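Chemist: Need a 3D model of the following:
(one chain, ligands or ions: 1)
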Amino acid sequence: MMTVQASKTVTDVDKVDLDKPIFDSQAFRLNDEQAAIIATARELGQTVFAGRAGTYDRDAVFPTENYRDLHRAGLLGIAIPKKHGGLGADYQTYAIAAAEIGRYCGATALTWNMHVCSTLWSGPLADDLDMDGPTRAEHEHRRAVHYKRIVADGAVYSQPFSEGGAAAAGGVAFGTEAKPVKGGWIVNGKKIFASLSGHADYYGVLCTEIVEGEKASRRNTLYLALPAKAGGVSVVGDWDPLGMRGTVSRTLLFKDAFVPEDAALMPRGVYFQAAMRWPHMFLTLSPTYVGLAQAAYDFTVRYLRGEVPGTPPVKRRMYPTKQIAVAQMQIKLEQIKAIWFQAITEACANPTKEQVLRAYAAQYSAMEGANEVATLAIRTCGGQAMLKSLPLERIYRDSRCGSLMLPWTAELCLDRIGREALYETGESDD
Ligand SMILES: Cc1cc2nc3c(=O)[nH]c(=O)nc-3n(C[C@H](O)[C@H](O)[C@H](O)COP(=O)(O)OP(=O)(O)OC[C@H]3O[C@@H](n4cnc5c(N)ncnc54)[C@H](O)[C@@H]3O)c2cc1C
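Modeler: Have a look, this model is predicted:
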């Protein structure tokens, strides 16, 4: 369990020493309702998930028990509107709660993100997008089906879109295809690195609807919740990666899998509209890594104070080199938090160019910065601290994987910032 002596509080309720929030509600102007949801995530993370994280990582197994706890705490429905039985959290509240989960178990936070996006994108985000009356009514009816499954039955959704080609980066149409048939679609295709494979109840598949006589187009992207038990769905390949091992991101195959009409998580054309008009939808992989950066910092402070359970109570904090390293980590952490908080707070439809560039910069800062903080933590705490019996080496490995997450990998963020800062829409050098 991660606690930091210098920043702990004691609740009267259970007498557990609780870590302070990553974002203090007064300093960051969060209201009581937001603070309560975020506190639920933090307390579950610290008191339950932290203790299980090592096993999920070592065995590369899915955190099934954590998902039961997330359901019990109402957190599977964090972004589901209250009228549908959810907690009704907005984007900012979800993002901060996810950072708190990532602080204690990276794999749980990252997979929870895939699940929550099914509700966030179809919920508050879709409410910002244009739909005519009948389409909006149909969407309202369909999303209620998904929300009920999640709130009442604890159904878990995943979000496979990577295919190994240029589609997940937003370059071309998805190769996974949905052919319209009576009452739904027939889906064929393959998704790689599909977190929650074999564990989600529904795979929220991004695919291209086949339109007679038309070339495959990103405009025809569908977002369908394919039942994991549907015929023609299989999970293949092994899973033995460097980090984020509990995500179980294996390969999904769809062979003539039938998906009923009410499985659509967004109406026709709305995913494409979202990708164009609500770009912060792709920033939601970053909270996990903000949490990992905080975890690396928390561990270091505690270790140098001689307060990590299972290690001798040897203090190392009196050495100036350690103090400088902690100062560097604290500065980096505050830089990550500052730009990231600004970006998640201003997420909206039709952001300005400046806001989009800031979102890329926030993603880059969190994804690369978490590993920088973890690297400093390893160097500063030394050999005894990187043993597998302690969480730091897992935090280090997990944090290394953030910059690989499409569509906003660290490389693609640099690419977009450079290009979009230097060229206005439609400009070229010809
Ligand atoms: C732990 C983990 C969990 C994951 N979970 C999911 C999931 O649940 N769902 C899902 O859909 N995906 C998931 N992914 C996949 C992830 O988003 C990437 O799709 C995957 O890592 C891509 O790997 P790749 O080597 O095939 O990338 P490639 O497409 O081969 O790209 C390799 C690198 O090249 C760069 N690159 C790619 N395109 C361009 C371009 N046009 N211009 C410049 N540079 C470019 C990028 O930086 C990229 O990192 C997960 C990945 C990891 C590591």
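Chemist: got the buried residues for the strand or helix carrying Val235?
Modeler: Using DSSP states H and E, Val235 sits in strand 233-236. Across strand 233-236, burial judged by 16 or more other CB atoms under 10 Å covers Val233, Val235. Just so you know, the C-beta spots here come from the backbone N, C-alpha and C atoms, and that holds for glycine as well.
Chemist: Can you give the strand pairings for it, parallel or anti for each?
Modeler: Counting by DSSP bridges, the strands paired with strand 233-236 are strand 250-260 (antiparallel).
Chemist: Is Tyr94 located within a strand, as I assumed?
Modeler: No. Assessed with DSSP: H, G, I helix; E, B strand; the rest coil, Tyr94 is helix; it does not lie in a strand.
Chemist: for the protein, what spans make up the strands?
Modeler: Here the chain has its strands, by DSSP state E, at 8-10, 17-19, 157-158, 177-181, 184-194, 202-209, 221-227, 233-236, 250-260, 264-266.
Chemist: about what we covered before: please export the C-alpha coordinates of the strand holding Val235 as CSV.
Modeler: Provided in CSV are the C-alpha atoms of strand 233-236 (Å, rounded to 0.1, in the frame of the first residue of the first chain):
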residue,chain,number,x,y,z
VAL,A,233,-15.5,-13.9,-32.2
SER,A,234,-12.2,-15.4,-31.0
VAL,A,235,-9.2,-14.3,-29.0
VAL,A,236,-5.8,-15.5,-30.2
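Chemist: thinking Pro81 is in contact with Leu125, fair?
Modeler: No. Proximity of Pro81 to Leu125 does not meet the contact threshold set by CB atoms under 8 Å, at 11.9 Å.
Chemist: Comparing those two, which residue is more hemmed in?
Modeler: Neighbours were counted for Pro81 and for Leu125 using other CB atoms under 10 Å; Leu125 has more, 24 against 18.
Chemist: Pretty sure Phe282 is one of the things the more buried one touches, is it not?
Modeler: No. Counting by CB under 8 Å, Leu125 sits too far from Phe282 to count as a contact (11.3 Å).
Chemist: how close does the nearest residue to Tyr360 once chain neighbours are set aside get to Leu406?
Modeler: Nearest residue to Tyr360, sequence neighbours excluded (CB to CB, 6 or more residues apart in numbering): Cys413, at 4.3 Å. In this view, Cys413 and Leu406 are 11 Å apart by CB to CB, to the nearest Å.
Chemist: Tell me which of those two has more neighbours.
Modeler: Shown here are Cys413 and Leu406; by other CB under 10 Å, Cys413 has more neighbours (22 against 17).
Chemist: which one is Ala410 nearest to, not counting chain neighbours?
Modeler: Residue nearest to Ala410 in three dimensions, not counting chain neighbours: Ser403, with 3.5 Å by CB to CB, 6+ apart.
Chemist: Quick check, pLDDT for the one you found.
Modeler: In this model, Ser403 is scored at 96, pLDDT.
Chemist: OK, contacts around it?
Modeler: By CB atoms under 8 Å, 6 or more residues apart in numbering, the contact list for Ser403 reads Tyr364, Met367, Glu368, Asn371, Thr409, Ala410, Glu411.
Chemist: And for the fifth one, the neighbour number?
Modeler: The one in question is Thr409. Here the number of neighbours of Thr409 (other CB under 10 Å) works out to 19.
Chemist: So it versus the ligand, what's the distance?
Modeler: For Thr409, the distance to the ligand equals 3 Å [CB to the nearest ligand atom, to the nearest Å].
Chemist: Can you tell me how far that residue is from Ala362?
Modeler: 14 Å.
Chemist: and if you look at the fourth one?
Modeler: In this structure, Asn371 and Ala362 are separated by 16 Å, where distance is defined by CB to CB.
Chemist: And those two? Which one has more around it.
Modeler: The neighbour comparison of Asn371 against Ala362 (other CB under 10 Å) goes to Ala362, with 27 against 24.
Chemist: What pLDDT is listed against the nearest residue to Ala361 once chain neighbours are set aside?
Modeler: In this structure, Ala361 finds its nearest non-sequential neighbour in Ile339, 6.1 Å apart by CB to CB, 6+ apart. Confidence at Ile339, expressed as pLDDT, is 98.
Chemist: got the contact list for Ile339?
Modeler: Arg358, Ala361, Ala362, Ser365.
Chemist: Return the subset of the contacts of Ser403 lying in helices.
Modeler: The helices, defined by DSSP state H, take in Tyr364, Met367, Glu368, Asn371, Ala410, Glu411 from these.
Chemist: thinking Glu420 is in contact with Leu357, fair?
Modeler: Yes. Applying CB under 8 Å, one finds Glu420 in contact with Leu357, separated by 6.3 Å.
Chemist: returning to that earlier point: which among the contacts of Ile339 count as buried?
Modeler: Buried among those (16+ other CB under 10 Å): Arg358, Ala361, Ala362, Ser365.
Chemist: burial measure for Cys105, as a count.
Modeler: Neighbours of Cys105 using other CB under 10 Å come to 32.
Chemist: Buried ones in stretch 341-355, by neighbour count?
Modeler: Phe341, Ala343, Ile344, Thr345, Glu346, Ala347, Ala349, Pro351, Gln355.
Chemist: Narrow those to those in helices?
Modeler: Phe341, Ala343, Ile344, Thr345, Gln355.
Chemist: doesn't Phe28 make contact with the first one?
Modeler: Which is Phe341. Yes. Here Phe341 reaches Phe28: they are 6.3 Å apart, a contact under CB under 8 Å.
Chemist: which residues does Tyr202 form a beta bridge with?
Modeler: Beta-bridge partners, per DSSP bridges, of Tyr202: Tyr157, Pro227.
Chemist: How much space separates it from the ligand?
Modeler: Applying CB to the nearest ligand atom to Tyr202 and the ligand gives a distance of 13 Å.
Chemist: who are the neighbours in contact with that residue?
Modeler: Per CB under 8 Å, 6+ apart, neighbours of Tyr202: Ser118, His146, Arg149, Ala155, Val156, Tyr157, Ser158, Ala225, Leu226, Pro227, Ala228, Ala263.
Chemist: Alright, I will stop here.
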